[in-house]
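Undergrad: Give me a model of this one.
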Amino acid sequence: MANDDLGRNLRRLRRLASLTQEELADRSDVSVDVIRQLEQGRKHSARLPTLHALVNGLGVELTTLLGDPPAVSSGENDGPRFVAMRRAVMPVLWGPEPAPPTADFSPARLREQIADGWTQYHSAEFDTVMKALPDLISHARTATASADEDDRKAGFAVLAKALQLAGHVAVRMGKTDLALTSLERAIGAAGQSGDPLLVPMIVNSVAWTYQRQGRLDDALSIALRAAAEMGRTNTADALKVWGALTMSAATSAARSGDYERAAAMMEMAEKEAARVSKLPEAGDNRMVSVFSPSSVRIERVRLAVQYGHPQDALALAKGMRLSKDTPPSWRTWLLLDVARAHTDTGDAAGAVKTLESLRRVAPTWMQHHTLAVAIVRDLWNLPNHPPGLAALAEFLGVRE
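TA: Take a look at the predicted model:
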């Protein structure tokens with residue numbers, strides 16, 4: 001596939017992993033000459049098996065090397081909306097303290113707006129979320145200045161969730177250092193909220209950000225520690241937070257090469273997920289970690305295909321019924337992973353059929369996703385094209 005950022009990303013990730021080109025070649029079983037040509041910009045494309053081998057050698061996911069789909073419709077990584085969000089996360093030094101809220105201020109309405117922001121985030125409406133975040137963060141800081149203790153704690157809770165959301169958007173923009181700043185401030189706010197689930201929930205976001213930076217040992221360590229410190233999970237919300245941390249730990253283990261340990265963690269998580277519907281709910285599902293039998297199975301499929309077990313991935317995905325609370329973004333990722341698994345097993349027709357479903361569900365997302373383009377380009381290079389491939393290739397600009 002063609003990707004102008006491929007060589008630059010490869011060089012950055014290799015250096016983050018403290019690997020020489022020769023060491024990465026040895027780990028990935030990709031020739032050092034190919035790695036040099038990619039990093040030097042003399043080669044601008046690589047086939048999917050080569051990309052898989054490189055990310056396995058680096059210990060990262062494929063989208064970390066290729067890049068996520070554009071998070072902003074304009075494609076401007078440092079456009080005005082992102083700058084405004086960054087300023088809200090990091091207000092000016094020695095700026096004025098937030099004024100107490102006015103009489104018409106409604107903590108419930110603010111919480112609802114932040115919950116809506118999380119829904120939009122999971123629907124990949126990143127531009128919409130960035131537009132709203134500066135005001136949401138500002139209003140949440142105002143709530144923390146309330147004279148009423150309960151309102152003040154509620155303000156810290158919504159501030160924590162708003163800063164956590166900003167951290168997630170920053171990761172999608174490729175700004176992981178800003179994400180960590182936002183998440184550290186979210187943890188500080190969560191500690192003053194009185195909600196025992198907020199800190200471990202945000203720790204999970206930190207672990208995900210560490211993964212994106214290739215800091216797999218750090219990600220694994222903090223996820224396991226936060227899960228262990230939670231103790232008994234006797235509510236649905238607590239179990240969801242524990243489950244999300246366990247899945248995160250499994251992902252870090254898999255990317256570190258310990259696929260068996262990761263698979264065992266995911267099997268345990270899937271068994272525990274069956275308890276969610278039997279426990280009392282305490283909060284808004286939009287504000288709690290994503291954890292259900294469906295989400296665990298989707299993650300198991302992702303790990304299986306990412307780490308060279310495509311047959312396992314297809315077996316896990318077969319006959320899946322997604323729960324109603326499965327975010328749209330998770331559904332699209334499942335289809336993309338199943339398409340990857342079909343490609344890896346040589347089932348071009350199955351891959352095309354799955355990609356056609358993905359096009360119906362998320363056409364814009366698919367059109368901009370470098371991995372979807374990579375799969376179609378690999379299929380297009382085959383001698384025999386299954387029905388439907390020509391239309392997909394034209395849609396993604398692969399036909400030459």
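Undergrad: distance between the ends of stretch 302-315?
TA: 12 Å (C-alpha to C-alpha, to the nearest Å).
Undergrad: So what touches it?
TA: Around stretch 302-315, the neighbours that count as contacts under C-beta atoms under 8 Å, 6 or more residues apart in numbering are 52, 55-56, 61-62, 250-251, 254, 259, 262-263, 266, 301, 316, 333-334, 337-338, 340-342, 344-345. The C-beta positions use only the backbone N, C-alpha and C, and glycine is treated the same way.
Undergrad: So Trp242: helix, strand or coil?
TA: helix (DSSP: H, G, I helix; E, B strand; the rest coil).
Undergrad: likewise Gly346?
TA: coil.
Undergrad: That one and Met130, how far apart?
TA: Distance of Gly346 to Met130, computed by C-beta to C-beta, to the nearest Å: 41 Å.
Undergrad: follow-up on the earlier one: pull out the buried members of the contacts of stretch 302-315.
TA: 52, 55-56, 61-62, 250-251, 254, 259, 262-263, 266, 301, 316, 333-334, 337-338, 340-342, 344 (16 or more other C-beta atoms under 10 Å).
Undergrad: which stretches of the stretch 251-400 of the chain have low pLDDT?
TA: Under the criterion pLDDT under 70, the flagged ranges of the stretch 251-400 of the chain are 282-285, 399-400.
Undergrad: I'd say Trp333 and Ile298 touch.
TA: Yes - between Trp333 and Ile298 a contact is recorded at 6.8 Å, counting by C-beta atoms under 8 Å.
Undergrad: center of this protein, which residue is that?
TA: Trp208 (7.1 Å; C-alpha atoms, centre = their mean).
Undergrad: Break this structure down into its structural domains.
TA: Split into domains by automatic domain parsing, the chain comes to 1-67, 76-195.
Undergrad: Now the weakest link among these, please, by mean pLDDT.
TA: Lowest mean pLDDT of the domains of the chain: domain 1-67, a mean of 83.
Undergrad: quick one, helices of the stretch 301-400 of the chain?
TA: 310-317, 328-344, 348-361, 363-368, 370-380, 389-395 (DSSP state H, counting those that start in this stretch).
Undergrad: next one: the second one to chain centre, how far?
TA: Here helix 328-344 is found 14 Å from its chain centre; the criterion is C-alpha atoms, centre = their mean, to the nearest Å.
Undergrad: Give me the residues contacting it.
TA: Contacts for helix 328-344 (C-beta under 8 Å, 6+ apart): 48, 52, 122-124, 290, 294-295, 298, 301-302, 304-306, 308, 310-311, 313-314, 317, 320, 322, 348, 350-351, 354-355, 357-358, 361-362, 365-366, 369, 371-372, 375, 378-379.
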